[in-house]
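A.B. asks: No sequence on hand, only this structure:
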């Protein structure tokens, strides 16, 4: 695993730790000014008036758990180039929670609490400030390089598939991620709910559902093809978007076993990943087809029967005169 990873993870966790500490401190300082029941959901049609309520203890537990969950997710999956996103998320979530608590101060009736639309603007401003801080702190993390010995596909002992001079062959397999499928389906399920409920928090939920669900579902199951054009990875149900490594850029191919540590250390997590020396479509642990390009970069995709794919690709590259 890259030596920069512990520092990067610490910097990703830092804003959530700071926001959580400040939030809990404010809850303690404002304890005698908060009602037993807090207004926690507001309707846009009523000018931001409350239409949903939560007990004070339950709200404190859920809101703290939200910050811990967001922080844990970013800490595990963060990349150097996305550190600003972790800080922006912490700033936005923390600001909205603090503003929500502020709106409930000294309330005699939770139903009379109003949360103005300007709270969203203040949350966005906090997110921008935090994002700038995260962007600046990314300079403290060295750029990632290869994390250990790198296999050199295309060597003489790399796998080959025996083909006659006039034979043509192709290989194709589908692969996917059940957790990503479930997550994407849940995100898309939030879209109609958010549109029907109408208040601005629900509308934001609908927007988030689209942003997460559509690309997530497209990536949840992909088809990997090796043929005379090279390597192509596309969603199983539609032809676009797709990722292709043309055959004339292929130096060679090999197979690598990816465990969780390698997925996080080498690729920064699951999904479509872009790193300094490699890109990949990493949907699960296990076999990965690794393609070495003439630029020196690697492309990897986790797929069953990767050995056959690598052998065929090396044979096709031999014919193309690249090996």
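C.D. replies: Good, I have the coordinates. From a predicted model like this one, the values you see are computed outputs, not experimental measurements.
A.B. asks: From here on, just use CA atoms for contacts and neighbour counts.
C.D. replies: OK.
A.B. asks: quick check, residue 292 in a strand?
C.D. replies: Yes - assigned with DSSP: H, G, I helix; E, B strand; the rest coil, residue 292 falls within a strand.
A.B. asks: how many other residues sit next to it?
C.D. replies: Residues lying near residue 292 (other C-alpha atoms under 10 Å) number 23.
A.B. asks: same check, this time on residue 224
C.D. replies: Per other C-alpha under 10 Å, the neighbour tally for residue 224 reads 26.
A.B. asks: Next: the one 3 residues further on.
C.D. replies: The number of residues packed near residue 227 is 18, by other C-alpha under 10 Å.
A.B. asks: who touches it in this structure?
C.D. replies: Counting by C-alpha atoms under 8 Å, 6 or more residues apart in numbering, residue 227 makes contact with 169, 170, 171, 313, 316.
A.B. asks: where in this protein is pLDDT low?
C.D. replies: 1-5, 44-47, 142-159, 161-167, 187-213, 217, 320-323 (pLDDT under 70).
A.B. asks: Where do the helices of it begin and end?
C.D. replies: 5-29, 56-77, 83-103, 118-137, 178-197, 200-220, 260-267, 306-320 (DSSP state H).
A.B. asks: Report the distance from stretch 66-74 to the chain centre.
C.D. replies: Distance, stretch centre to chain centre, for stretch 66-74: 13 Å (C-alpha atoms, centre = their mean, to the nearest Å).
A.B. asks: contacts for that stretch?
C.D. replies: Contacts of stretch 66-74 (C-alpha under 8 Å, 6+ apart): 12, 13, 16, 17, 20, 86, 89, 90, 93, 94.
A.B. asks: and which of those residues is nearest residue 277?
C.D. replies: residue 12 (21.9 Å; C-alpha to C-alpha).
A.B. asks: so what's the closest one closest to, chain neighbours aside?
C.D. replies: Distances taken as C-alpha to C-alpha, 6 or more residues apart in numbering put residue 75 closest to residue 12, at 5.3 Å, once the chain neighbours are dropped.
A.B. asks: ok, now which ones touch the one you found?
C.D. replies: With C-alpha under 8 Å, 6+ apart, residue 75 has these contacts: 9, 10, 12, 13.
A.B. asks: correct me, but the third one touches residue 81?
C.D. replies: Just to be clear, that refers to residue 12. No - the criterion here is C-alpha atoms under 8 Å, and residue 12 misses it with residue 81 at 11.4 Å.
A.B. asks: hmm, back to that, ranking the contacts of stretch 66-74 by neighbours, who comes first?
C.D. replies: residue 12 (31 neighbours).
A.B. asks: Distance-wise, check that one relative to residue 25.
C.D. replies: Distance of residue 12 to residue 25, given as C-alpha to C-alpha, to the nearest Å: 21 Å.
A.B. asks: now swap in residue 229 and tell me
C.D. replies: Distance from residue 229 to residue 25, by C-alpha to C-alpha: 60 Å.
A.B. asks: more crowded one of those two?
C.D. replies: residue 229 (15 against 12).
A.B. asks: sorry, back to before: the contacts of residue 227 into a markdown table, with extra columns for neighbour count and distance to residue 59?
C.D. replies: As requested, the contacts of residue 227 are exported to a markdown table (neighbours: other C-alpha atoms under 10 Å; distance: C-alpha to C-alpha, whole Å):
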| residue | neighbour count | distance to residue 59 |
| --- | --- | --- |
| 169 | 12 | 60 |
| 170 | 14 | 57 |
| 171 | 15 | 53 |
| 313 | 33 | 56 |
| 316 | 28 | 60 |
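A.B. asks: what's the most distant pair in those residues?
C.D. replies: Taking C-alpha to C-alpha, the two most distant members of the contacts of residue 227 are 171 and 316; they sit 11.6 Å apart.
A.B. asks: hmm, back to that, got the contacts of residue 75 as a markdown table, with distance to residue 243 columns?
C.D. replies: Formatted as a markdown table, the contacts of residue 75 follow (distance: C-alpha to C-alpha, whole Å):
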| residue | distance to residue 243 |
| --- | --- |
| 9 | 29 |
| 10 | 32 |
| 12 | 29 |
| 13 | 32 |
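A.B. asks: who's in contact with the closest residue to residue 135 other than its chain neighbours?
C.D. replies: Using C-alpha to C-alpha, 6+ apart and skipping the chain neighbours, the partner closest in space to residue 135 is residue 84 (4.8 Å). Residue 84 makes contact with 130, 131, 132, 133, 134, 135, 138, according to C-alpha under 8 Å, 6+ apart.
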